[in-house]
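Novice: Need coordinates for the below:
(chains A, B and C, ligands or ions: 2)
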Amino acid sequence: MSGTALLYTDWLDEMEIIFESLLNGLLMGSIYGLTAVGLTLIFGVLKVINFAHGSILMVGMYAAYWCITLTGMNPYLAIPIVVPLMFYFGYFMQQFVIEPVFKVEKDVREPITVIIVTTGVWYILDNLALMIFGAKYRVVHTSVTGKLFELPGDIYLLQPKVYGFILTFISGLLLFWFLKTTLMGKAIRATSLDRDAASLMGVNQYKIYRTAFGIGTAVTGLAGCVLVPFYSVYPSVGIIFDIRAFIIVVLGGLGSIPGAILGGIIVGIIESVGAMYMPSTWTELVIYGLFLLLLFIKPTGLFGSKHDF
Amino acid sequence: MALLKVENVFKRFGGLVAVNDVSLTVEENQIIGIIGPNGAGKTTLFNCIAGAFPPSEGKIVFEGSEIGGKKPHQICTLGLSRTFQVVKPFASKTVLYNVTVGAFAKTNRRVEAEAKAIKVLEFLQMDDKRDVFAKNLTLPERKRLELARALATEPTMLLLDEVMAGLRFSEIEVMIELLKKIRAAGVTLVIVEHIMQAIMALSDHIYVLNFGGLIAQGSPAEIAQNQEVIKAYLGDDYVTVED
Amino acid sequence: MKALADSKANKYFLAAVLLIAVLIPQVITSPSIMQILILTLFYAYLTSSWNLVGGFAGVLPLGHSAFIGIGAYTSTILYLHYGLSPWFGMLAGGVLAAVIGVIIGIPTLKLRGAYFALATMAFGEGLRVLVENVDTIGPLKVNGPRGLLINLTGNSFIDYQFTSKASYYYIILALLLIILLITWLLMRSKIGYYLSAGGEDPEAAAALGINVPRYKVMAMAISCFFTALAGTFYAQMFLYFYPKSILGLDMSFEIAFIALIGGRGTILGPVLGALLLRPLNEFTRIYLGGILPGMHLVIFGLILILVMIFQPRGIQEPLTRLYRRILYRIKGS
Ligand SMILES: Nc1ncnc2c1ncn2[C@@H]1O[C@H](COP(=O)(O)OP(=O)(O)O)[C@@H](O)[C@H]1O
Ligand SMILES: [Mg+2]
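Specialist: Ligands and ions are numbered 1, 2, ... in the order given. Predicted coordinates for the structure are as follows:
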């Protein structure tokens, strides 16, 4: 009798732990999704994988880090400073670095040279950060760092992750609204369907590229702000998120914003639930395996359009 | 037996019906003309026949076997070749290289393919452009390169999509003679063209498309007198040629 | 290249370059300089192998280090467990790499290029993580992150071990000449024409009867086979390797960049890229690495961007032009 009761509480405990890691995976996964939204948006418009994406995240994280450290402000007050800055960072990067190459190869459907330029930017940004800030891991102590929310049933959630989850959905909805209703948003969507469509609508094609790149960079900057309160900053931090983001955008369907968020959540849940049963390097392997498997069965991902490959 | 039979073909893009219940028959060694205003679905019909995408509905039979849904390279290998209205040259390669790629369809040896390509270029009177990079050609030259490449695959049937666009009057006359010679060499032709002078001079039979559907067909003389065609097409879209 | 092989002067020039390449080990005795030369040729060979698919087929493979690793591990494991000569192990590794390349290529080479780039990259990283996390596969020792050590036998041809650097130099030179010859033959064959056509405009190519994905997969197989041979060479040259040294992103990207900066889709591009960039990379790392860590990679990134903006076909283009002009001057006088 007491034996079964013991088993029953064991089972309850186990369910609680699983539930907690599911929730944690959901939170962290949505933040992964946020780190991938910019990548998928830029791909949708330019048809080019931006290999500087992780480095842009790194820049956003450093920007948020210094904002918070130097002023001691609430970590989320850094958002209105970092996000616009990152928008212009991306806008001008597209205009002065990527556009010249794009113009040379404008007849090419998927210009490889553009991918290479973004990789050059990656090398430069990561190593400039190394030269300026050193290899040191930097942690910022904010008012939310390490704080927990307690849910009934002994479930604890890290506060900054909860805020990150909320911000992911707010920004996702804002982006959705922008793309659906504004003229620029419509032009961006039209361009992602057909590169020449925008010119037909009377909107300057290159201005659309710059704006899309700027928005992609700004969203990534937001992801940087969200990460900084609980994730350390160092020059090569981008690479970790880079590869994950690549997998996430293919999982969700290249070019699809809801796909990126859902893909992020799937990866986040695999990581956190998997961590209960195996070492973290193995969960990494599971994710790579899943990714390659997906390419065999459904390469368009969960939300990818059939015409887009 | 007809060389090509298109039976009740539909092609839909979302809500748009780009090709609407089109049927047509091409006999061996004919020249068939297809006309219709811009957006009528002519290029889309070619894309269905050549395998760029499958038709949504209907049958396409070439030399007695169904080709609807086959891949473009398979259809080309069967002897049905096409040109693109929006030209697609291999831009960084020379004219000779471009045409040699086509000629490889019938041989594995480079020397043979190159010899064949040179013959085609001479036939189309552009062998002086042999070593020019395709990206440096003018638009009419690129159109002719499209034709050269397709011809080099030695097709039994050729689909030509507006190869005369942008040509001057004298050049059109030259092209008409060339197409007649191609037919004389045993190639069946289906041509989409806005230039009435050429269509009327060449076609044995003409099909008229409008809004995806067939609105008329007949001999050039019949089409020239068909009221509906004149209303739908010739009335406001007649393309005059400047010299 | 065609122009290069046509005239008599070019033949003399090629012969002279070849002669110098063959004589170098007789003149240079410093082992460290020999080492740099060998590694330069090693990279020239790797990028030339990469070029078969990355250059001609118009796609961007970003995981070629995986195939170096497959070559190194296959021949070494077969040697350590079954005493099979690495010369045969090398061929086994090549075949295995080709098969795996085909398996990755078949689903992804049909799709937009981005999928292939990301899939090869994920495969490369996945393989590194896998190897770092397994000690044994069945009865075979892989040794996780510690890597594999090949026991020293001294000078022994059958064991692919030599005491002089010159031997390794000649092996990698021969391998390089073989891959260049194959590239040259391929470029002049139907396969080469079809690959280039499919790389430039897949739709136009398909309309001319070309099964574009099939040719890309074929190129992938050949490229992976030869890349794996370099893995065995690396293993036998250092007699020790571990996952981080031959697997992983850095190596994959470096191969791609050397080819792209040199000029992808040409015979000379990857070789010129390796001859110029490898030494530059070594020197900037040695001289700047101590003072400003990361500086050499900033320079590398800048070169990458500048070349893509001003010479998107790579540095082989201005260099061949320069060579022609010099030749013209000499002839003129
Ligand atoms: N791939 C496509 N996706 C969506 N709509 C298309 C596509 N191709 C053609 N259309 C549409 O189909 C219609 C017919 O176009 P098309 O066949 O090019 O006409 P034509 O060649 O007679 O000028 C047009 O309205 C065009 O916008
Ligand atoms: Mg048309």
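Novice: can I assume A:Ala212 is in contact with A:Ile188?
Specialist: Yes - between A:Ala212 and A:Ile188 there is a contact at 5.2 Å, judged by Cβ atoms under 8 Å. Every residue, glycine included, has its C-beta placed from N, CA and C.
Novice: higher neighbour count, these two?
Specialist: A direct count of neighbours by other Cβ atoms under 10 Å in any protein chain shown for A:Ala212 and A:Ile188 places A:Ala212 higher, at 28 against 22.
Novice: Just give the closest residue to C:Leu52, not the sequence neighbours.
Specialist: Leaving aside its chain neighbours, C:Leu52 sits nearest to C:Ser223 (4.1 Å; criterion: Cβ to Cβ, 6 or more residues apart in numbering or on different chains).
Novice: which phi and psi does the one you found have?
Specialist: Phi and psi for C:Ser223, reported as degrees, to the nearest 10, are phi -60, psi -50.
Novice: Count the neighbours of it for me.
Specialist: Applying other Cβ under 10 Å, we find 28 other residues in the vicinity of C:Ser223.
Novice: same question, B:Asn38
Specialist: Taking other Cβ under 10 Å as the criterion, the count of residues near B:Asn38 is 8.
Novice: residues in contact with residue 88?
Specialist: As the question left the chain open, I've gone with chain A. With contacts taken as Cβ atoms under 8 Å, 6 or more residues apart in numbering or on different chains, A:Tyr88 has the following neighbours: A:Gly214.
Novice: oops, I was thinking of chain C
Specialist: Shown here is C:Phe88, whose contacts under the criterion Cβ under 8 Å, 6+ apart are C:Leu78.
Novice: do the same with C:Tyr115
Specialist: Taking Cβ under 8 Å, 6+ apart as the definition of contact, the neighbours of C:Tyr115 are A:Val250, A:Leu254, A:Leu295, A:Pro299, A:Phe309, C:Thr108.
Novice: related to what we said a few turns ago, contacting residues for the residue nearest to C:Leu52?
Specialist: If you count contacts by Cβ under 8 Å, 6+ apart, then C:Ser223 has C:Ser49, C:Trp50, C:Asn51, C:Leu52, C:Val53, C:Gly54, C:Pro61, C:His64, C:Gly101 around it.
Novice: per-residue confidence for it?
Specialist: pLDDT, C:Ser223: 97.
Novice: Skipping adjacent residues, who's closest to whichever residue of chain B sits closest to chain A in space?
Specialist: With Cβ to the nearest Cβ as the measure, the residue in chain B that lies nearest chain A is B:Ala91; the distance is 6.6 Å. Once flanking residues are discounted, B:Ala91 sits nearest to B:Lys135: 4.0 Å by Cβ to Cβ, 6+ apart.
Novice: Need the phi and psi values for A:Val233.
Specialist: Backbone dihedrals for A:Val233, given as degrees, to the nearest 10, come out at phi -110, psi 130.
Novice: Please verify my assumption that it contacts A:Tyr62.
Specialist: Yes - contact criterion Cβ under 8 Å: A:Val233 and A:Tyr62 qualify, at 5.9 Å.
Novice: list residues touching both of those two?
Specialist: Both A:Val233 and A:Tyr62 lack any common contacting residue under the criterion Cβ under 8 Å, 6+ apart.
Novice: can you tell me if the strand or helix carrying A:Pro258 touches chain C.
Specialist: Secondary structure assigned from DSSP states H and E places A:Pro258 in helix A:257-274. No - in terms of Cβ under 8 Å from any Cβ of the partner chain, no part of helix A:257-274 sits within range of chain C; the closest distance is 12.5 Å.
Novice: Can you name every helix or strand that that helix contacts?
Specialist: helix A:2-46, helix A:159-181, helix A:237-252, helix A:280-297 (3 or more Cβ pairs under 8 Å, 6 or more residues apart in numbering or on different chains; DSSP states H and E).
Novice: how much distance is there from that helix to the middle of the chain?
Specialist: 11 Å (Cα atoms, centre = their mean, to the nearest Å).
Novice: mind showing which ranges of chain C have poor pLDDT?
Specialist: Per-residue confidence of chain C (counting by pLDDT under 70) places the weak regions at C:1-6, C:332-333.
Novice: Report the central residue of it.
Specialist: With distances taken as Cα atoms, centre = their mean, the residue of chain C nearest its centroid is C:Leu46 (1.0 Å).
Novice: need the contact list for that one.
Specialist: C:Leu46 makes contact with C:His64, C:Ile68, C:Thr227, C:Ala230, C:Ile255 under the criterion Cβ under 8 Å, 6+ apart.
Novice: Which strand or helix spans it?
Specialist: C:Leu46 is part of helix C:31-54 when elements are defined by DSSP H and E.
Novice: Can you get me a residue count around B:Glu146?
Specialist: Using other Cβ under 10 Å, B:Glu146 has 26 neighbouring residues.
Novice: how close does it sit to chain C?
Specialist: Going from B:Glu146 to chain C by Cβ to the nearest Cβ, to the nearest Å gives 8 Å.
Novice: That residue: which element?
Specialist: Assigned by DSSP H and E, B:Glu146 falls in helix B:139-152.
Novice: Do any residues in that helix lie close to ligand 2?
Specialist: No - in this structure, helix B:139-152 remains apart from ligand 2 according to Cβ under 5 Å from the ion; the gap is never smaller than 13.0 Å.
Novice: Tell me which residues are up against stretch B:46-57.
Specialist: Contacts with stretch B:46-57, where a contact means Cβ under 8 Å, 6+ apart, come from B:4, B:6, B:8-12, B:19, B:60, B:67-72, B:74-76, B:80, B:82, B:159, B:161, B:190, B:192, C:203, C:207.
Novice: so the most centrally placed residue in chain B, which of the three states?
Specialist: Against the mean C-alpha coordinate of chain B, by Cα atoms, centre = their mean, the closest residue is B:Leu160 at 1.2 Å. In three-state terms, and counting by DSSP: H, G, I helix; E, B strand; the rest coil, B:Leu160 is strand.
Novice: Read off the pLDDT value for it.
Specialist: Model confidence at B:Leu160, expressed as pLDDT, equals 96.
Novice: tell me which parts of chain B are close to ligand 2?
Specialist: Taking Cβ under 5 Å from the ion as the test, the list of chain B residues beside ligand 2 reads B:Thr43, B:Gln85.
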